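Participant: Give me coordinates for this.
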Amino acid sequence: MTEIILVRHGETEWNVAEIFRGRIDIELNETGIKQAELLAKYLSKLKIEAIYSSPLKRALKTAEIIAGHHKLNVDIAPGLIDFYFGKWQGLSHQEVKDKNKELYADWINRPDQIKMPAGESLDEVRKRAMGVVNNIIARYKGTVVLISHRVVNKVLICALLGLDNSHFWNIKQDTCGITIFTYENEQFILTKHNDTSYLEPIRKTSLSDF
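Facilitator: Modelled structure (predicted):
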């Protein structure tokens, strides 16, 4: 049996301000670092075989903090890099809604059917992220942690549940939240979703799905 822990990176200032991040390499903010430290403590008693991370700083820093409790190196997985929002990157949520009304409506209503201008589609995210997962289940029989991003993790959760990308908005994962699957007998089983119980010491109002 392989256990996969999907982690969304800790909070950044662009999460709070609702600015589209994508491939722009934003650092964790102070809250994000505290979130990662609390998550690392929560996972410290587990026997973790490997830790894989998106190459972007916000994910990599989260991964490094977790790895520090296990004396493990972090493996960079390019397939876990954030969704390429293309021309939306660096724009606020409101700017995108105001300037790209039709595409934004499609993003909300049929996210599985669009490709971002100068960016990518959810199908492309699914293909590259599932490549990472398939490699992991072929290599490991214990617990592996994957640190990635909101869009990537939502797409992966859909894929592991056997859902297509039209269900993208039916799933939410908060910053530094974890979702856990086990893989056995060629089947993925969801055992925990969006657990943030360990963040109680710094609990504040949950951010929107952004």
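Participant: Next, the contact list for Ser148, please.
Facilitator: 6-9, 53-54, 59, 80-82, 129, 156 (C-beta atoms under 8 Å, 6 or more residues apart in numbering). From N, CA and C alone the C-beta is placed, and that goes for glycine too.
Participant: neighbour-wise, which of those leads?
Facilitator: When neighbours are counted by other C-beta atoms under 10 Å, His9 leads those with 30 neighbours.
Participant: Which stretches in this protein count as helices?
Facilitator: 13-16, 30-43, 57-67, 93-99, 101-109, 122-139, 150-160 (DSSP state H).
Participant: Count residues in the vicinity of the closest residue to Arg128 other than its chain neighbours, would you?
Facilitator: Closest residue to Arg128 apart from its sequence neighbours, by C-beta to C-beta, 6 or more residues apart in numbering: Gly79 at 4.1 Å. For Gly79, the neighbour count with other C-beta under 10 Å is 19.
Participant: shift numbering so it begins at 2
Facilitator: Right, with 2 as the first residue, what we last looked at is Gly80.
Participant: ok, back up a step: could you save the helices of the chain as JSON lines and add columns showing mean pLDDT?
Facilitator: Shown next, in JSON lines, are the helices of the chain (pLDDT from 0 to 100):
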{"stretch": "helix 14-17", "mean pLDDT": "96"}
{"stretch": "helix 31-44", "mean pLDDT": "97"}
{"stretch": "helix 58-68", "mean pLDDT": "98"}
{"stretch": "helix 94-100", "mean pLDDT": "94"}
{"stretch": "helix 102-110", "mean pLDDT": "95"}
{"stretch": "helix 123-140", "mean pLDDT": "98"}
{"stretch": "helix 151-161", "mean pLDDT": "98"}
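Participant: Show the contacting residues for the residue nearest to the spatial centre of the chain.
Facilitator: Central residue of the chain (C-alpha atoms, centre = their mean): His150, 2.8 Å from the mean position. Going by C-beta under 8 Å, 6+ apart, His150 touches 9-10, 22, 55, 57, 59-60, 81-84.
Participant: Can you give me the distance of it to Ala78?
Facilitator: Taking C-beta to C-beta, to the nearest Å as the measure, His150 and Ala78 are separated by 12 Å.
Participant: what touches both of these two?
Facilitator: Ser55.
Participant: thinking again about what came up before, quick check: of the contacts of His150, which lies closest to Thr206?
Facilitator: Nearest to Thr206, judged by C-beta to C-beta, of these is Arg9 at 17.1 Å.
Participant: rewinding a little: among the helices of the chain, which comes closest to Asn74?
Facilitator: Nearest of the helices of the chain (C-beta to C-beta): helix 58-68, 6.8 Å.
Participant: List the buried residues in the closest one.
Facilitator: Buried residues in helix 58-68, counted by 16 or more other C-beta atoms under 10 Å: 59-68.
Participant: With stretch 93-111 instead?
Facilitator: So stretch 93-111, judged by 16+ other C-beta under 10 Å, has buried residues 97, 101, 104-105, 108.
Participant: what residues does the longest strand belonging to the chain touch?
Facilitator: Using DSSP state E, we find that the single longest strand of the chain is strand 188-196. Identification of contacts with strand 188-196 by C-beta under 8 Å, 6+ apart yields 5, 158, 161-162, 173-175, 178-184.
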